[in-house]
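[1] pasted the sequence and its predicted model underneath.
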Amino acid sequence: MNYAGLVLTTYTVYNTVKKTHWTTSIFYLLVPLPILFPAQDLTVNQISYHKVSYPLYPEVLEAYPDIPSPLSTKDGREILIAFRKSDNRCTLMPVTVENGDILDYRYKKWWNKGRQLHVDSADFPTMAKTGLHSNKEFARIKTITGKSISEITMVGRPGRYSGAGFMSHDENIISVLKGDNGLVSQLGLTHPQNAKPLFHVFNTILVVKKDSERANIGGILYNGKKVFLKFRGSKGWQETIFNDEILGYWQIEIWRDLNLEEKAFISEKYSALNEEKMAELIKKLSYIHTGEMVPYYIMRYGFYEGHSSYRADPIAIAFIFRLLDIQEIERAFKGRLYERLTGHFIEE
């Protein structure tokens, strides 16, 4: 242990009036440095599971640790195992879903989490309480975040705020919200449950930021499955269609490979599909191209985007992140999985 040294300091004071002087000595006590300068709490850079400690990113582990992924620690942190492209090693990512500092690309707030737990309780009080919408509320709603339904629909269609659009030409904001609420309800899930894994992906991006290792992150382990990731920034940012602070900068691709059992199950249940439709079914089930706006939209409004190229379908979320297995998803839709993944929510 390092110590502060034993110091003897002697100095002389001269009194010009009385023509006298005296000498004073001061002794400094021998004190361990950690008492003077307490060590930083290192537990924020590591976790403990079953009495085994593991370091967090950027430390690299030679072998995959025997922990759940995602893991919720006793102190409320959420941790994922992320795997590397270059070798068979991995790293542990702290990806807790929480309200953080403001995320606003306009003002160079690039690496903050923003309000990840915020729900629009003013417009959707039932969803704020239960995690699902009430159809009765849909029947009487005229505005969302103070913006009219017609205006949100108009700016959300292709070629307006976005070339790809937030919904297709034949959908409106209410038809999309109702349609996805029905899907999520049939799956036996809630909107916050579906938002969480997408936030985990985005929070992984926030952890690696612009590190040199960023391109080496190949994906994450999630509920026992390898989920592959690609992400890259845009030249600017995407404006929101609501009166909120949500902006988009990242292009995010998320997918996982079907195992032999899953392929066999789908082939048997949907044997009537031709080769082209079968390929479409598998892709829509196992691949998502989206951005960081969507998890905020899901948590806040139950909005997964309509049938545009940035849609994060709730069925795909459930399958990719193994919130449900393929048999459970099929039981929810009973032979209509292809229709549910491809059909638009036509406006009334």
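    Happy to help now that I have it. Treat the numbers as computed from the prediction; the structure is a model and nothing was measured.

[2] can you show me the strands along this protein?
    Assigned by DSSP state E, the chain shows strands spanning 7-15, 20-28, 46-49, 52-55, 71-72, 78-84, 90-94, 143-144, 147-148, 217-222, 225-238, 248-255, 287-290.

[3] from residue 204, how far off is residue 312?
    Look at residue 312 and residue 204: by C-beta to C-beta, to the nearest Å, they are 16 Å apart. Quick note: C-beta positions are derived from backbone N, CA and C, even for glycine.

[4] which one of those two is surrounded by more residues?
    residue 312 (26 against 20; other C-beta atoms under 10 Å).

[5] how close does the more buried one get to residue 235?
    With C-beta to C-beta as the criterion, residue 312 and residue 235 are 22 Å apart.

[6] what do you get for residue 95?
    Counting by C-beta to C-beta - residue 95 and residue 235 are separated by 27 Å.

[7] more neighbours: which of these two?
    Counting neighbours by other C-beta under 10 Å for residue 95 and for residue 235 shows that residue 95 has the greater number, 27 against 5.

[8] ok, and the closest non-adjacent residue to that one?
    residue 203 (3.9 Å; C-beta to C-beta, 6 or more residues apart in numbering).

[9] I'd assumed residue 97 was in contact with that neighbour.
    Yes - here residue 203 lies in contact with residue 97, judged by C-beta atoms under 8 Å, at a distance of 7.1 Å.

[10] residues in contact with the closest residue to residue 121 other than its chain neighbours?
    Counting by C-beta to C-beta, 6+ apart, the nearest residue to residue 121 once its immediate chain neighbours are dropped is residue 128, at 3.6 Å. Counting by C-beta atoms under 8 Å, 6 or more residues apart in numbering, residue 128 makes contact with 119-121.

[11] from the residues you listed, keep the buried residues only.
    Neighbour-count burial (16 or more other C-beta atoms under 10 Å) is assigned, among the contacts of residue 128, to 119-120.

[12] out of the contacts of residue 128, which is nearest to residue 151?
    The nearest member of the contacts of residue 128 to residue 151, counting by C-beta to C-beta, is residue 120 at 16.4 Å.

[13] quick one, grab the pLDDT at the closest one.
    We note a pLDDT of 98 for residue 120 in this prediction.

[14] also residue 148?
    98.

[15] any idea how far residue 165 is from it?
    In terms of C-beta to C-beta, residue 148 sits 18 Å off from residue 165.

[16] more neighbours, the two?
    Legend: neighbour count by other C-beta under 10 Å for residue 148 and residue 165, higher for residue 165 (22 against 12).

[17] that one is in contact with residue 153, isn't it?
    No - using C-beta under 8 Å, residue 165 makes no contact with residue 153, being 10.5 Å away.

[18] okay, now the unreliable bits of the stretch 1-150 of the chain?
    1-43 (pLDDT under 70).

[19] what do you get if the cut-off is 80, keeping everything else the same?
    Counting by pLDDT under 80, the stretch 1-150 of the chain contains low-confidence ranges at 1-44.

[20] picking up where we left off before, so what's the residue count around the residue nearest to residue 95?
    Residue 203 sits with 22 neighbouring residues when counted by other C-beta under 10 Å.

[21] quick one, what contacts it?
    93-97, 113 are the contacts of residue 203 under C-beta under 8 Å, 6+ apart.

[22] go through the contacts of residue 128 and name the one nearest residue 138.
    Looking across the contacts of residue 128 and measuring by C-beta to C-beta, the closest to residue 138 is residue 120, at 13.5 Å.

[23] quickly list what residue 254 is bridged to.
    Applying DSSP bridges to residue 254 gives these bridge partners: residue 229, residue 288.

[24] could you verify my assumption that it touches residue 204?
    No - the criterion here is C-beta under 8 Å, and residue 254 misses it with residue 204 at 10.7 Å.

[25] what touches both of these two?
    residue 229.

[26] residues contacting residue 166?
    Residue 166 neighbours (C-beta under 8 Å, 6+ apart): 156-157, 241, 305-306, 308, 310.

[27] and the furthest pair within those?
    It's 157 and 310 that sit farthest apart of the contacts of residue 166, by C-beta to C-beta, at 13.1 Å.

[28] list the contacts for the residue nearest to residue 232 when sequence neighbours are not counted?
    Among residues not flanking residue 232 along the chain, residue 251 sits closest, at 5.3 Å (C-beta to C-beta, 6+ apart). With C-beta under 8 Å, 6+ apart as the criterion, the residues that contact residue 251 are 231-234, 289, 291.

[29] likewise residue 231?
    Neighbour list for residue 231: 205, 250-253 [criterion: C-beta under 8 Å, 6+ apart].

[30] alright, calling it a day.
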